[in-house]
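*Asks:* here's a sequence, model it:
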Amino acid sequence: MNVGLLFGSFNPVHVGHLVVAESVLDEAGLDQVWLVVSPQNPFKQQAGLLNEYDRYLMCELATQSHDRLFASNVEFSLPRPSYTIDTLTVLAAQFPHYRFSVAMGADTLATLPRWKNAEAIRRWYPLIAYPRAGAEVPPELAAAARWIEAPLLEVSATALRDRLRRGRSIRYLVPEEVRLYIDARRLYVA
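*Replies:* Presented below is the predicted three-dimensional model:
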């Protein structure tokens with residue numbers, strides 16, 4: 001089984017994430033793509049981050065009608081902050097017959113040298129990259145990844161949270177099930 005891993009805060013998950021996941025699935029010829037919800041990214045501030053269980057549940061709601069996209073909470077039981085190499089090590093042990101790839105935008109790929117055990121990730125796990133507006137990737141890093149096409153949607157979780165705080169609609173920017181969950185729980189409004 002070939003599985004692509006798309007790591008993120010998913011705060012909240014939105015159509016841009018899902019379009020990328022679908023593109024990774026199709027363009028890279030994978031069997032599945034897992035949205036790995038990161039409780040705490042070492043490169044991002046914890047402030048403003050919704051609790052991981054709500055973010056995971058929203059990812060489950062967003063992927064429930066797709067037979068090859070799944071939400072993963074594997075990082076919930078790992079030390080924090082979450083390091084990709086640690087997650088990959090755990091997944092490789094849990095699923096020894098799976099082949100995992102790491103999918104990321106060009107902006108994230110450009111930061112790879114700062115990651116914990118970046119060389120081990122490059123050596124043992126295929127990297128799948130997609131363009132991001134304005135992102136510049138050094139040639140040696142660009143050559144380390146398999147590049148795919150993915151539609152560039154101008155949707156960000158930060159902008160969605162801002163819209164919600166201002167009482168604006170996020171209809172069509174997130175899956176309807178996610179929108180209903182956010183509305184019912186009054187998330188991101190305070």
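
*Asks:* show me what the strand or helix carrying Leu88 is packed up against.
*Replies:* Leu88 belongs to helix 84-94 when assigned by DSSP states H and E. Applying 3 or more Cβ pairs under 8 Å, 6 or more residues apart in numbering; DSSP states H and E, one finds that helix 84-94 contacts strand 2-8, strand 99-105, helix 118-124. From N, CA and C alone the C-beta is placed, and that goes for glycine too.

*Asks:* and stretch 62-77, end to end?
*Replies:* 22 Å (Cα to Cα, to the nearest Å).

*Asks:* ignore the last one, stretch 95-106
*Replies:* 28 Å.

*Asks:* can you check stretch 105-119 too?
*Replies:* Terminal residues of stretch 105-119 are spaced 18 Å apart (Cα to Cα).

*Asks:* rewinding a little: any idea how far the helix holding Leu88 is from the chain center?
*Replies:* When C-alpha coordinates are averaged (Cα atoms, centre = their mean, to the nearest Å), helix 84-94 and its chain have centres 16 Å apart.

*Asks:* same thing with stretch 83-92?
*Replies:* Averaging C-alpha positions (Cα atoms, centre = their mean) puts stretch 83-92 15 Å from its chain's average.

*Asks:* also stretch 141-158?
*Replies:* The chain centroid and the centroid of stretch 141-158 are separated by 11 Å under Cα atoms, centre = their mean.

*Asks:* any chance you could map the helices in the chain?
*Replies:* 15-27, 52-63, 84-94, 106-109, 118-124, 139-142, 157-165, 176-185 (DSSP state H).

*Asks:* Arg132 is nearest to which of those?
*Replies:* Ranking the helices of the chain by proximity to Arg132 (Cβ to Cβ) places helix 106-109 first, at 4.5 Å.
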